[in-house]
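Participant: Just need the structure, nothing else, for what follows:
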Amino acid sequence: MTHDNRESWLNRVAAGMAPLFEALEAPLPDRVRVAIGFTSAGAKGKAIGECWDNRLSADGHFEIFIRPDLAHAPDAMPAQIAAILAHELVHAAVGIPAGGSVAKIGGSQR
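Facilitator: So this is what the prediction gives:
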């Protein structure tokens, strides 16, 4: 299966993960938007992904950003990108700041 772009792939992966979150009793919110983009620290920042709280979005979506330059990283495999996305989806599922809930649902991204 091919995808039009990286964002369509990320959104398809996120949709595929939704049943896993349901099984963990931490369902994904209906309004989650996944995009390729730099995090709040910009291109020079170290964060590889970021989830913005839905209260910061004009239309109430959780906004997830995955760094665009990860596609060119020599060690970035699709499974690793999916793991970054999963970590950010945990934030959307349990709220921001999630604190201990992230460890309970998704573990550490280290």
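Participant: so residue 21 sits in a strand?
Facilitator: No - under DSSP: H, G, I helix; E, B strand; the rest coil, residue 21 falls outside any strand and is assigned helix.
Participant: How about the contacts made by it?
Facilitator: Contacts for residue 21 (C-beta atoms under 8 Å, 6 or more residues apart in numbering) come out as 27-28, 89, 93, 105. Glycine gets a C-beta too; all of them are placed from N, C-alpha and C.
Participant: Residue 65 too?
Facilitator: Contacts for residue 65 were tallied using C-beta under 8 Å, 6+ apart; they are 35-39, 49-52.
Participant: what about it, which SS state?
Facilitator: Going by three-state DSSP: residue 65 is strand.
Participant: Write down the beta-bridge partners of it, one by one.
Facilitator: Listed beta-bridge partners, residue 65: residue 35, residue 50 (assigned using DSSP bridges).
Participant: where exactly do the helices run in this structure?
Facilitator: 6-23, 78-94, 100-105 (DSSP state H).
Participant: Out of the ones you listed, flag the one nearest residue 45.
Facilitator: Minimum separation from residue 45 across those (C-beta to C-beta) falls at helix 78-94, 14.2 Å.
Participant: buried sites along the closest one?
Facilitator: For helix 78-94, the neighbour count (16 or more other C-beta atoms under 10 Å) marks 81-82, 84-94 as buried.
Participant: could you say what helices and strands it packs with?
Facilitator: helix 6-23, strand 32-36, strand 49-52, strand 62-66, helix 100-105 (3 or more C-beta pairs under 8 Å, 6 or more residues apart in numbering; DSSP states H and E).
Participant: Can you say which of the ones you listed is packed in most?
Facilitator: Mean neighbour count, computed with mean count of other C-beta atoms under 10 Å, is highest for strand 62-66 among the helices and strands packed on helix 78-94, reaching a mean of 22.
Participant: tilt between that one and helix 78-94?
Facilitator: 160 degrees (axes from the mean of the first three to the mean of the last three C-alpha atoms, to 10 degrees).
Participant: Return the angle between stretch directions for strand 62-66 and strand 32-36.
Facilitator: Using the same axes, to 10 degrees: strand 62-66 against strand 32-36 is 20 degrees.
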